[in-house]
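Trainee: Here's a sequence, model it:
(one chain, ligands or ions: 1)
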Amino acid sequence: MSTHSKPSAADHPVIGVLALQGDVREHLAALAGAGALARPVRRPDELAEADGLVVPGGESTTMAKLAVAFGLLEPLRERIRAGMPAYGSCAGMIMLADKILDGRDDQETIGGIDMIVRRNAFGRQNESFEAAVEMAGIDGGPVEGLFIRAPWVESVGAGVEVLATVRSGESGTHPVAVRQGNLLATSFHPELTGDHRVHELFVAMVRAAARCAAAGA
Ligand SMILES: NC(=O)CC[C@H](N)C(=O)O
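Mentor: Model (predicted):
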């Protein structure tokens, strides 16, 4: 029996969705479907209340500019450095990359994952496509990968686990889902498919991090 009177973050994690631009509503719905209390985050005080954060799909250059304008970029970097779990889909993957290729000049990222991500990597004729993606850590068969002007991961550092790859014509096979500690990123958009398994994986990561924090407190 729990001795806590308040619901703990480990049982009911509050997961924010960075709500500056992009498919925020879809992530809020997917997180709720995966058992989290989901909240939009536009201000540093809203970020402070979140046990974990989703950075949505959208347009990374716009999102980065808005993050600076809303005074969120440094608070985001600080929370991530301090171990807050985060999940980025598509533009969100770009935002969580330590380095990007084919970004706009001076395009900022939040960073956190030791990887180089190439924006719009799948090229013109393939700007949008679907693929069945086998993803490590996701049981029950492949997830439907929706790739919309999607990035791929060009290279990863030693601490980054590649969870899924996709073959793209002659350029070969590229990572499209990665994890480094409490940080998760996909090139594709599970929030648009109604399949909540990737969000369930992220909610489990947030719960585990909250349990660790409670045990260490
Ligand atoms: N669907 C997406 O999130 C596309 C990402 C977009 N190409 C960018 O650079 O931000």
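Trainee: Name the secondary structure element that contains the spatially most central residue of the chain.
Mentor: Centroid-nearest residue in the chain, with CA atoms, centre = their mean: residue 88, separated by 1.7 Å. Element membership for residue 88 (DSSP states H and E) is strand 86-89.
Trainee: Quick one: residues in contact with that strand.
Mentor: Strand 86-89 has contacts (CB atoms under 8 Å, 6 or more residues apart in numbering) with 27, 52-57, 80, 94-96, 110, 112, 182-186, 188-191, 198-199, 202, 205. The way it works is simple: take the backbone N, C-alpha and C, and place the C-beta from them, glycine included.
Trainee: Narrow those to those in helices?
Mentor: Judged by DSSP state H, the subset of those located in helices is 27, 80, 94-96, 198-199, 202, 205.
Trainee: and this structure, which residues reach the ligand?
Mentor: Counting by CB under 6 Å from any ligand atom, the chain comes close to the ligand at 57-60, 90-91, 94, 119-120, 148-149.
Trainee: List the buried residues of whichever strand or helix holds residue 30.
Mentor: Following DSSP H and E, one finds residue 30 within helix 24-33. For helix 24-33, burial by neighbour count (16 or more other CB atoms under 10 Å) applies to 24, 26-31, 33.
Trainee: Now tabulate the residues of the chain next to the ligand in CSV and tack on neighbour count and pLDDT.
Mentor: Shown next, in CSV, are these (neighbours: other CB atoms under 10 Å; pLDDT from 0 to 100):
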residue, neighbour count, pLDDT
57, 31, 98
58, 22, 97
59, 15, 97
60, 29, 97
90, 30, 98
91, 26, 98
94, 30, 98
119, 21, 96
120, 16, 94
148, 19, 96
149, 17, 95
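Trainee: how about the nearest residue to residue 131, chain neighbours excluded?
Mentor: Once flanking residues are discounted, residue 131 sits nearest to residue 145: 4.6 Å by CB to CB, 6 or more residues apart in numbering.
Trainee: my guess is that neighbour meets residue 165, correct?
Mentor: No. Residue 145 is not in contact with residue 165 according to CB atoms under 8 Å; the separation is 10.8 Å.
Trainee: Now do the shared contacts for these two.
Mentor: The contact lists of residue 145 and residue 165 share residue 176, where a contact means CB under 8 Å, 6+ apart.
Trainee: Between the two, point out the one with more neighbours.
Mentor: Taking other CB atoms under 10 Å, residue 145 and residue 165 do not tie; residue 145 has more neighbours (23 against 17).
Trainee: So in that sheet, which strands flank the host helix or strand of the more buried one, and in what orientation?
Mentor: Using DSSP H and E, residue 145 sits within strand 143-148. Strand 143-148 has its sheet partners listed here by DSSP bridges as strand 128-133 (antiparallel).
Trainee: Please work out which residues outside the partner strand touch it.
Mentor: 122, 142-149, 164, 166, 176-177, 188.
Trainee: again, only using 7 Å
Mentor: Outside strand 128-133, the residues that touch it by CB atoms under 7 Å, 6 or more residues apart in numbering are 142-149, 164, 166, 176, 188.
Trainee: can you check stretch 142-154 too?
Mentor: Contacts of stretch 142-154 (CB under 7 Å, 6+ apart): 90, 93-94, 101, 115-122, 127-135, 166, 174-176, 178, 187-190, 192-193, 195, 197-198.
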